[in-house]
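1. Give me coordinates for this.
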Amino acid sequence: MKKFNRKKDISPKYLLLFLSALCIMLIVMSTVRPDMMRPIKSITGHFITPMQRGVNRIGKWVEDKTKVFGDIEELRAENEELKKEVIRYQSEIERNESELSELSELRDLYDLSLLYPDYNMTAARVFSSNSSEWFSEFYINKGLNDGIYEDCNVLSDKGLLGIVTESYDNYAKVRAIIDDNSSIIAEIGGNNVLCTLDGSLSTIDDGYIIISDIDKDADIEEGDRVVTSNVSDRYFFGITIGYITDITMDTNNLTKSAHLIPASDFSDIDDVMVITDRKKEVNY
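-> Numbering: from 1, shown residues only. Predicted coordinates:
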């Protein structure tokens, strides 16, 4: 005997036809006999209305969330634009601060030129150094084409930096007074007390370089200003070098020594002033 299989024997098209007919019948009955459909409407309303409310709530929730997500994306886009604006303004501020700093340095150098009106000077910028810690030897962006030659004195707004040792068409090399190979005849205070100033990279780490060959009877004291001496054949007279401290009597009991605190900062040099005259030429 053939077993009846409902899943296989009921075709979907018959089911569709049945449901369609049922819908048509209900529509006709609701039109012809609305009183008969009232209980059915009440029953379906009892189930469908809450479903509709739930669907409406879900729809409203989805709509709200979609709006929120849209607002978030809009806020993100605005935030990115604001970040770009902040970066742009920060860049402008840094550029303005750099220009103001450069202007201040140039003003200081200009004031420095007024202290030495008898000398011809030109401003230059440092573009390289042989040391990452101290500017013991460094290069400036002007040279022979700008009237800068070997033995030209180089100054900062605080005082003496060093002397030009090599000059080329568009740049020059400067040896600082703190360099181990630097030696200067200088004067202490206003009494023309001569001394020898020797550069030392080992002592500049402690903030000073060495002064020696001071006469034992010289009237000097801590804080006295040290300047270039007219006795020097390469440095012009009267340029501030620094200030003395820690005066001691040498073991020979004939001379004194001291420490000199440089007036210039040799850890950070940007702009310099170069005296384009040379001491030997001035004396001729």
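2. which of the residues in stretch 182-202 are buried?
-> 182, 184-189, 193, 195-201 (16 or more other Cβ atoms under 10 Å). Every C-beta, even on glycine, is put in place using the N, C-alpha and C of the backbone.
3. Not counting it itself, show me its contacts.
-> 134, 136, 162-163, 175-181, 209-215, 218-220, 224-229, 231-232, 235, 241, 244, 258, 260 (Cβ atoms under 8 Å, 6 or more residues apart in numbering).
4. What about the buried residues of stretch 182-202, which are in helices?
-> Taking DSSP state H, the ones among the buried residues of stretch 182-202 that sit in helices are Leu201.
5. In the stretch 101-250 of the chain, what residue spans correspond to strands?
-> For the stretch 101-250 of the chain, the strands defined by DSSP state E, counting those that start in this stretch cover 121-129, 137-140, 153-155, 160-167, 172-176, 183-188, 193-198, 209-215, 225-228, 240-249.
6. wait, doesn't Ala123 sit right on Met273?
-> Yes - between Ala123 and Met273 there is a contact under Cβ atoms under 8 Å: 5.7 Å.
7. more neighbours, those two?
-> Using other Cβ atoms under 10 Å, the more surrounded residue of Ala123 and Met273 is Met273, with 23 against 17.
8. if we look at the sheet, which residues does that one bridge to?
-> Beta-bridge partners recorded for Met273 (DSSP bridges): Ala123, Leu155.
9. cool, and Ile185?
-> In this entry, Ile185 is beta-bridged to Thr196, by DSSP bridges.
10. Renumber starting at 20 from here on
-> With 20 as the first residue, the last one maps to Ile204.
11. pLDDT value on it, please?
-> Looking at Ile204, its pLDDT stands at 95.
12. Look up how far Ile106 lies from it.
-> Using Cβ to Cβ, to the nearest Å, Ile204 is found at 54 Å from Ile106.
13. Buried subset of the contacts of stretch 201-221 as a ChimeraX selection?
-> This is the ChimeraX syntax for the buried subset of those, where burial follows 16+ other Cβ under 10 Å:
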select :153,155,181,182,194,195,196,197,198,228,229,230,233,237,239,243,245,246,247,248,251,254,260,263,277,279
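14. remind me which residues of this structure are low pLDDT?
-> Applying pLDDT under 70 to the chain flags residues 20-30, 32, 34-35, 38-39, 41-42, 45-75, 78-90, 113-132, 299-303.
15. Which helix or which strand is home to Ala40?
-> helix 31-51 (DSSP states H and E).
16. got TSV for the strands of the stretch 120-269 of the chain, with distance to Met44 too?
-> Shown next, in TSV, are these (distance: least, Cβ to Cβ, whole Å):
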stretch	distance to Met44
strand 140-148	98
strand 156-159	103
strand 172-174	110
strand 179-186	109
strand 191-195	109
strand 202-207	120
strand 212-217	120
strand 228-234	114
strand 244-247	119
strand 259-268	114
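17. Ok, which of those strands comes nearest Glu111?
-> Closest to Glu111 of those is strand 140-148 (Cβ to Cβ; 22.5 Å).
18. Please identify the buried residues of the closest one?
-> Going by neighbour count (16+ other Cβ under 10 Å), the buried part of strand 140-148 is 140-143, 145, 148.
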